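A.B. asks: A predicted structure for the sequence below; I have some questions about it.
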Amino acid sequence: MTGAEASASPLARGQGVALWRQIAGALEQRIGAVPLLPGTRLPTEAELSARFGVNRHTVRRAMEELQARGLVRIEQGRGSFVAEDVLEYPLGPRTRFSETIRRQNREPQGRILRLEEIDADGLVAEALKLRRNRPVVIAERLGLVDGRPVVLGAHYFSVARFPGIARLLAENASITHALAALGVADYRRLTTRITARMPTAEEATVLEQSRTRPVLVTEAVNVDNAGEPVELSVACYAAGRMQILVES
């Protein structure tokens, strides 16, 4: 919002309409007029206080009203933003990130952040039916929708079963493509555990969100048509942008 816009928005005082309601209405009108793109940073409380000639408490009340109505997103320590649409992300027997996002007429993108061979700990070994400390590949993958990060996933694969998967994922971030190239044309979700927690500093940075906003975490095992495990994934979703729908 420019200085010209700031000076053009006086409040009607003493006419029975609370100042915070007038501020909320002015901001709502401004968000929808251009319209402002989802994720656009809004002016700070100090800037809005100066613009409308009110104290910060009045501005804060207006912003809380807009947040309650789903128009803005307030992140402690980062500021206020135009709210994004919350995507519905179905989890069913056959869940594919790109397919799911494209069905909603949005543009998916996958980006590999880390590829490394490590020793399987207890959780990974049990999920993949391996002995503890057997070698596995971990692929950390960032999923984006329309350029905005929505999910950070750690995907584990047995090196013995998929010896070339690191190379394939380095060439193409699609897990489905890599598994198909290694002989697994289809796979399905066997189990999914969903929890919620606060993000780590790294997760908050990568997902571009505040550490004070929770994330949804899914721990899932995928198996082939013979029921043998092919992948363990532990995915961290930005809860403000993704709503998980469990399908039977």
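C.D. replies: All right, it came through fine.

A.B. asks: so is the spatially most central residue of the chain in a helix, a strand, or just coil?
C.D. replies: The chain has residue 150 as the residue nearest its centroid, 2.3 Å off, counting by C-alpha atoms, centre = their mean. In terms of secondary structure, residue 150 is strand; the call rests on DSSP: H, G, I helix; E, B strand; the rest coil.

A.B. asks: Give me the below-cutoff pLDDT ranges for this protein.
C.D. replies: Low-confidence regions of the chain, defined by pLDDT under 70, span residues 1-9, 34, 248.

A.B. asks: Now do the helices in it.
C.D. replies: In the chain, the helices defined using DSSP state H lie at 3-7, 19-33, 45-52, 56-68, 97-102, 122-128, 165-171, 175-181, 201-206.

A.B. asks: Let's have those in TSV, adding mean neighbour count.
C.D. replies: Every C-beta, even on glycine, is put in place using the N, C-alpha and C of the backbone. Conversion of the helices of the chain to TSV gives the following (neighbours: other C-beta atoms under 10 Å):
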stretch	mean neighbour count
helix 3-7	10
helix 19-33	17
helix 45-52	17
helix 56-68	17
helix 97-102	17
helix 122-128	17
helix 165-171	17
helix 175-181	19
helix 201-206	14
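
A.B. asks: Can you say which of those helices is nearest to residue 228?
C.D. replies: Minimum separation from residue 228 across the helices of the chain (C-beta to C-beta) falls at helix 122-128, 9.3 Å.

A.B. asks: What residues does the residue nearest to residue 143 when sequence neighbours are not counted make contact with?
C.D. replies: Nearest residue to residue 143 in three dimensions, chain neighbours excluded: residue 151, at 4.2 Å (C-beta to C-beta, 6 or more residues apart in numbering). By C-beta atoms under 8 Å, 6 or more residues apart in numbering, the contact list for residue 151 reads 97, 142-143, 235-238, 242.

A.B. asks: By neighbours, which of these wins?
C.D. replies: residue 238 (26 neighbours; other C-beta atoms under 10 Å).

A.B. asks: Quick check, that residue in contact with residue 143.
C.D. replies: No: between residue 238 and residue 143 there is no contact under C-beta atoms under 8 Å: 10.0 Å.

A.B. asks: which residues are in contact with both of those two?
C.D. replies: By C-beta under 8 Å, 6+ apart, residue 238 and residue 143 have these common neighbours: 149-151.

A.B. asks: ok, so of those, who is nearest residue 101?
C.D. replies: Checking those against residue 101 by C-beta to C-beta gives residue 150 as the nearest, at 8.7 Å.

A.B. asks: Could you pull up the residues touching residue 41?
C.D. replies: Residues near residue 41 by C-beta under 8 Å, 6+ apart: 79-81.

A.B. asks: any chance of these in CSV, with distance to residue 170 and neighbour count too?
C.D. replies: Shown next, in CSV, are the contacts of residue 41 (distance: C-beta to C-beta, whole Å; neighbours: other C-beta atoms under 10 Å):
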residue, distance to residue 170, neighbour count
79, 36, 14
80, 39, 22
81, 34, 19
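
A.B. asks: Kindly reformat these as TSV containing distance to residue 122.
C.D. replies: Converted to TSV, these look like this (distance: C-beta to C-beta, whole Å):
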residue	distance to residue 122
79	41
80	43
81	40
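
A.B. asks: Which members of these are positioned in strands?
C.D. replies: Counted as lying in strands by DSSP state E, out of those, are 79-81.

A.B. asks: domains of this protein?
C.D. replies: Annotated domains of the chain cover 3-82, 87-246 [automatic domain parsing].

A.B. asks: chain center to the first one, what's the gap?
C.D. replies: Pointing back at domain 3-82 there. 25 Å (C-alpha atoms, centre = their mean, to the nearest Å).
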